[in-house]
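Participant: from the sequence below, what's the structure:
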Amino acid sequence: MKIQSSPYFLFVLIFLKFSLVLQAQEDDKKRPLISVFSNIQAQYGYQFNYAKDIIENYQIVPPSEDLTFTETLVYLHKVTDLKYTLISNRFVLVNTQKNVVQKQDLQLLPEIIVPSYIIRGVSKLNNGSFNIDFSNFSMLPGLIETDVLQSIQAFPGIQSINENVSNINIRGGSHDQNLILWDGIKMYQSGHFFGLISMYNPQITQNVLLLKNGSDVSYTDGVSGSILMQTTKDVNTTFKGNISVNFIDTNGFADIPINKKSSIQLALRKSISDFVETPAYDNFFNKISEDTEVENSMNTVMNTDKEFDFYDASFRWIYKMSDKEELRVNFINVANELIFNENDLEESRRSSVTQNSIAGAIYYDRVWNDTWQTSLELYETDYKLKAINVNIKDSQRFLQENIVSETSFKLKANYKLNKNINLLNGYHVVETKVTNLDDVDAPIFRSLVSEVLRTHGLFSQFNYSSFNRLTNISAGIRFNYIDKFKKQIWEPRFSFTHKFRNNFSVEVLGEMKHQNTSQVINFQNDFLGVEKRRWQLSNNSDIPIIKSKQVSIGVNYNRKGWQLSVEAYHKKVNGITSQSQGFQNQYEFVQTSGSYQANGLDFILRKQMRNFNTWLSYAYLNSDYTFKSWPEYKFPSNYDISHALTLGSTYALKNLRISTGFNWFSGKPTTLPVADNAVIDNNINFGASNSSMLNDYFKVDISALYGFKIKQKTKVDLGASIWNVFNRDNQINNFFRVNDGQVDETLQTSLGFSPNIVMRVYF
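Facilitator: Numbers count the residues shown, from 1 in each chain. Got it, this is the predicted structure:
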C-alpha cells in the first residue's frame, strides 16, 4: 500500500504533530477527577473503583508526580473530601465518607496488573484476562456508543474480516468458536442488522471480561475465546435513567430502586426506521442486502417494499436478601426482521427473514461462613432463525428454520483455605437441542432434523496469591461426560503471573477446551443469504466434537504512562467441519472434517500524556488448515490475516472527548481460477487454495462526545462519529460463478463513509 501518495499519509503527520503539541501542554489548571485518576493509574499501576455519579462533579489540580502513592491519596482526600480505601494491593475504592465497605466475596478476585490497557476503563488482570468497565470507559475511534462487540476488536488478535460483530475472529478462529455469555447466559445470536451492530444494550451491560486463553474451569465451550458480559451487581438506592437517539435507534434505560435491598434495571432499544431512514440506516441496509435475494431481481420480477426493524429488551432484578445472601434474575429478548415483496405482472408475494433470541436466568449466592461460599446458576436460552422465501417464477415457497434451545444448571462452591489460597469446585449440566427444518411446497419436500445432547461437567481449581500479591497461580481441571456418546473429555486449565522489578510482569497461560455446537453454511442463499449460517450439534462422526489446545506466554511493562505488552501463542483446534469455515471455492459443497493450527504474536504499545492517550497495536498470525481427505493436505486458513495494525488516540479536556485512529490489515486469503483454463465442463477450475489475497484493508475513524449539565441532576451528551472517513472501498470477500461459459467475479466491499450522531439525556 502506497501511503505516501494518499491522504492517509497526511493524516498520520497531523496525528503525530497533534501528539507532540499536546505532550508539551502545561498542566497547572484544574482537571476532571476522572482524568486525574487515569493519570495516577498509568503512573503507579493502581486501579480506582468508583461510582461515576460520585466523582463526575469534581475538578482538581492534579497532584505532583514527585509524590509517593500514599502521599497522592492523602492529597486527593484533602482536596475532594472523598474516602480512598486500599482494598487490595492494586485496588483503591473511592466513596463518600458516609458509605461503609462490606466485602463478602470469599474468592481471590483477580487484580489489575496493567491499568488503562488501551484506554481508560480497560484493564489487564493477573489471570491473563481483560476487563472492560463501561462505567469508567473513555472512547474508541468511530464509536459513540459502548458497543461491546465492536469495542473488543480494539484488542490485538481480535478482528472481524468482514466488519460484522457476528463474525468476530479471535486468533484465527471462526465466530462460532467464541463463548458469548450475558450475565451467565449463553447467547447464540450476536448482532442487530444481522451482524453490523451488537445486540447487547450498552446501557445495561456495564462490564465485560475477555479471555483469549487460560479460562476458568467453570466455563465450557468457546475453543477460541470467551466474551463474558455482566450487568452491575450493586443495588441502587436512587433512581437513575437516560434516553437517547442516534441515526440507527432510540434507547432508554432505567435503574429503579425498590427498597434498600433491591433494585431493578430495564433497558429498551428499537430501530428508528419506522419514522425516518437516515444515511447510516441506508448504508447498513445496503450492506446486509448486498448480493442476497433481497437485492436481486430478474427481468420480469421486482423486489419492492423492503422493510427492516429490530429491537431488544433487557431486564435485571437484584435482591440483597441479607449480608450473606443475594438473588438475581435476568431476562433478555432480541429480534431482527427483514421483509420485502416479490412482484411480477400478475401477483405479489412476501418474503421474510427473522432472527430472535429470548433467555432468562436465576442466580443465587450465599456466604455460609468465613470460609464457604456457594452459588447456583440456572438459565434457559432459545434462538430461532426463520426465513420464508417465495419464488413467483416457479410458484414455490421455501421455509427454513434453525432453532436452538438450551438449559443449564451450575453449582459452584468456593472454599477459602487462608488469605492466599482459594479452592473452587462445582458441577455443571447443559442440555442443548438443535432443530433444522427445510420445507418446500412445490415439489413437496420436508426435512425436519432435531437432535439433543446432554453434557455433565465436574470441575476443580486451585487459586493461589502470594502474601505480597506479586505471584498468582490458578490451576484446575474440568471433567466432561457426554452421555449420548458415552464420551469422557478431560480439560486442564492453567494461568501463572508474576510481577517483578515493580514495573514488569510475566504470564504463562494454557487451556484445553471443547464444544458441541458449530455454525455451518449448506448453501450461500440459505435464509435468503442474509444470515446463511445455521447451528448444528456434533454427532461424534462426520460432525466431530471440536477440541482445542492453547498455550501462550507474555510480558508486560508499565511505568510513568508507558505500557508495553507482548504475548506469543500457539493454538491447535481439531474437529472443525469444512462447512463451518465459509468456503466459496472448489470446496464449497464438500463436507469433511479437519483441523487448524494458529501461531501468532499480539503486541501493544501505549503512552499516556496528561489528557492525551495514544496506542499502537500489532498482531501477527500464521494459521493453516489440515484436511486429510482433500488433495491439498495443508493450506492457509480463511481467517489467516497475517498482519494487523492499529494506531489510535484519545484526548479529554473537561467535558470534551475526542478519539481518532486508523486500522490496517493484510488482505483476506482467496482462491482464484486458473488464468488460462478457468472453466472445465461448465465448472470453475480453481488454482491452489487461498494462495492469493484480496487488497489490504485500511480505514480511518473519528468520534467526539461533549457533555454538559442543564440542571443539577440532568446531564446531556452530544456525540458524532464517522466510520471510514476517506470512504475507502475495502475488499472483504470475493467469489466466482460461471455465467454463459465465462467466469464472473463478485467482489464484496466494506461499509463506506458512515456518519452517526447521538444525543443522550441523563436524569
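Participant: I'd say Phe134 and Tyr200 touch.
Facilitator: No: with contact defined as Cβ atoms under 8 Å, Phe134 does not count as touching Tyr200 (10.8 Å). Where C-beta positions appear, they are placed from N, C-alpha and C, glycine not excepted.
Participant: more neighbours, those two?
Facilitator: Using other Cβ atoms under 10 Å, the more surrounded residue of Phe134 and Tyr200 is Tyr200, with 27 against 20.
Participant: let's verify the more buried one: helix, strand, or coil?
Facilitator: Secondary structure assignment for Tyr200 (DSSP: H, G, I helix; E, B strand; the rest coil): coil.
Participant: dump the residue contacts of it.
Facilitator: Residues counted as contacts of Tyr200 (Cβ atoms under 8 Å, 6 or more residues apart in numbering) are Val148, Leu149, Trp182, Met229, Asp312, Ser314.
Participant: how about it, phi and psi?
Facilitator: The phi/psi pair for Tyr200 (degrees, to the nearest 10) reads phi -90, psi 120.
Participant: how close does it get to Asp526?
Facilitator: To Asp526, Tyr200 is 26 Å away according to Cβ to Cβ, to the nearest Å.
Participant: buried stuff in the host helix or strand of Gln608?
Facilitator: Here Gln608, judged by DSSP states H and E, is contained in strand 593-609. Residues of strand 593-609 classed as buried: 593-604, 606-609 (neighbour count, 16 or more other Cβ atoms under 10 Å).
Participant: for stretch 735-755, same thing?
Facilitator: Phe735, Phe736, Ser750, Leu751, Gly752, Ser754.
Participant: the third one touches Asn730, doesn't it?
Facilitator: Yes: with the criterion set as Cβ under 8 Å, Ser750 and Asn730 qualify as a contacting pair; they are 4.0 Å apart.
Participant: overlap of the contact sets of these two?
Facilitator: By Cβ under 8 Å, 6+ apart, the residues touching both Ser750 and Asn730 are Tyr697, Lys699, Asn724.
Participant: burial count for Ser129?
Facilitator: By other Cβ under 10 Å, 21 other residues sit near Ser129.
Participant: which of the shared contacts of Ser750 and Asn730 fall in strands?
Facilitator: The strands, defined by DSSP state E, take in Tyr697, Lys699 from those.
Participant: from the shared contacts of Ser750 and Asn730, list just the buried residues.
Facilitator: Buried members of the shared contacts of Ser750 and Asn730, counted by 16+ other Cβ under 10 Å: Tyr697, Lys699, Asn724.
Participant: which one of those is nearest Glu507?
Facilitator: Distance to Glu507, by Cβ to Cβ, is smallest for Tyr697 among those, at 30.1 Å.
Participant: residues contacting the closest one?
Facilitator: Counting by Cβ under 8 Å, 6+ apart, Tyr697 makes contact with Asn663, Trp664, Phe665, Ser666, Gly667, Asn730, Gln731, Ile732, Ser750.
Participant: likewise Asn574?
Facilitator: By Cβ under 8 Å, 6+ apart, Asn574 lies in contact with Pro544, Ile546, Lys547, Ser548, Ser595.
Participant: if we can go back for a sec, and the buried residues of stretch 735-755, which two are furthest apart?
Facilitator: Greatest spatial distance among the buried residues of stretch 735-755 (Cβ to Cβ): Phe736 and Ser754, at 28.5 Å.
Participant: ok, and the closest non-adjacent residue to Gly241?
Facilitator: Ala254 (4.1 Å; Cβ to Cβ, 6 or more residues apart in numbering).
Participant: which residues touch that neighbour?
Facilitator: Neighbouring residues of Ala254 by Cβ under 8 Å, 6+ apart: Phe239, Lys240, Gly241, Gln265, Leu266, Ala267.
Participant: who does it form a beta bridge with?
Facilitator: Gly241, Leu266 (DSSP bridges).
Participant: do the same with the one 5 residues further on
Facilitator: According to DSSP bridges, the partner residues bridging Asn259 are Ser262.
Participant: distance of it from Thr237?
Facilitator: From Asn259 to Thr237 the distance is 9 Å (Cβ to Cβ).
Participant: run the chain-centre distance for the helix or strand following the strand holding Gln608.
Facilitator: Sequence order places strand 612-626 as the next helix or strand after strand 593-609, per DSSP H and E. Relative to the chain's own centre, strand 612-626 is displaced by 16 Å; criterion: Cα atoms, centre = their mean, to the nearest Å.
Participant: stretch 596-613 now?
Facilitator: Between the centre of stretch 596-613 and the centre of its chain there are 17 Å (Cα atoms, centre = their mean).
Participant: next: stretch 533-546.
Facilitator: 24 Å.
Participant: grab the nearest non-local neighbour of Ile362.
Facilitator: Nearest to Ile362 is Leu378, by Cβ to Cβ, 6+ apart, at 5.0 Å.
Participant: what pLDDT is listed against that neighbour?
Facilitator: Looking at Leu378, its pLDDT stands at 98.
Participant: ok, the helix or strand harbouring it: who's next to it in the sheet?
Facilitator: Using DSSP H and E, Leu378 sits within strand 372-391. Strand pairing for strand 372-391, using DSSP bridges, gives strand 348-367 (antiparallel), strand 396-416 (antiparallel).
Participant: heading C-terminal from the last one, find the next helix or strand.
Facilitator: On the C-terminal side of strand 396-416, the closest following helix or strand by DSSP H and E is strand 421-441.
Participant: quick one: buried residues of the helix or strand following that next one?
Facilitator: Going down the chain from strand 421-441, the next helix or strand is strand 444-465, by DSSP H and E. Going by neighbour count (16+ other Cβ under 10 Å), the buried part of strand 444-465 is Leu453, Thr455, Gly457, Phe459, Gln461, Asn463, Ser465.
Participant: partner residues bridging the residue nearest to Ile362?
Facilitator: On the basis of DSSP bridges, Leu378 is bridged to Ile362, Phe409.
Participant: gap between it and Tyr364?
Facilitator: Noted for Leu378: a distance of 9 Å to Tyr364, by Cβ to Cβ.
Participant: how about stretch 581-590: buried residues?
Facilitator: The neighbour-count check on stretch 581-590 (16+ other Cβ under 10 Å) flags Gln581, Gly582, Phe583, Gln584, Asn585, Gln586, Tyr587 as buried.
Participant: closest one of those to Gly741?
Facilitator: Of all those, Gln586 has the smallest distance to Gly741: 18.1 Å, by Cβ to Cβ.
Participant: in its sheet, what does the helix or strand that contains Gly707 sit against?
Facilitator: Here Gly707 sits within strand 697-711, counting by DSSP H and E. Paired with strand 697-711 in the same sheet, following DSSP bridges, are strand 656-665 (antiparallel), strand 714-723 (antiparallel).
Participant: in the last one, what's buried?
Facilitator: I take that to be strand 714-723. Lys715, Val716, Asp717, Gly719, Ala720, Ser721, Ile722, Trp723.
Participant: center of this protein - which residue?
Facilitator: Nearest residue to the geometric centre of the chain (Cα atoms, centre = their mean): Leu149, 3.1 Å.
Participant: can you give me the pLDDT of that one?
Facilitator: We have a pLDDT of 94 for Leu149.
Participant: in contact with it, which residues?
Facilitator: Listed by Cβ under 8 Å, 6+ apart, the contact partners of Leu149 are Val165, Ile168, Ser190, Gly191, Ser198, Tyr200, Ile227.
Participant: shouldn't Pro63 be within a helix?
Facilitator: No: under three-state DSSP, Pro63 sits outside any helix and is assigned coil.
Participant: these two touch, right, it and Lys78?
Facilitator: No: between Pro63 and Lys78 there is no contact under Cβ under 8 Å: 9.8 Å.
Participant: compare these two (neighbour count), which wins?
Facilitator: Neighbours were counted for Pro63 and for Lys78 using other Cβ under 10 Å; Pro63 has more, 19 against 10.
Participant: look up how far Asn126 lies from that one.
Facilitator: Per Cβ to Cβ, Pro63 is found 26 Å from Asn126.
Participant: how about Gln150, secondary structure?
Facilitator: Of the three states, Gln150 takes helix under three-state DSSP.
Participant: many thanks, have a good one.
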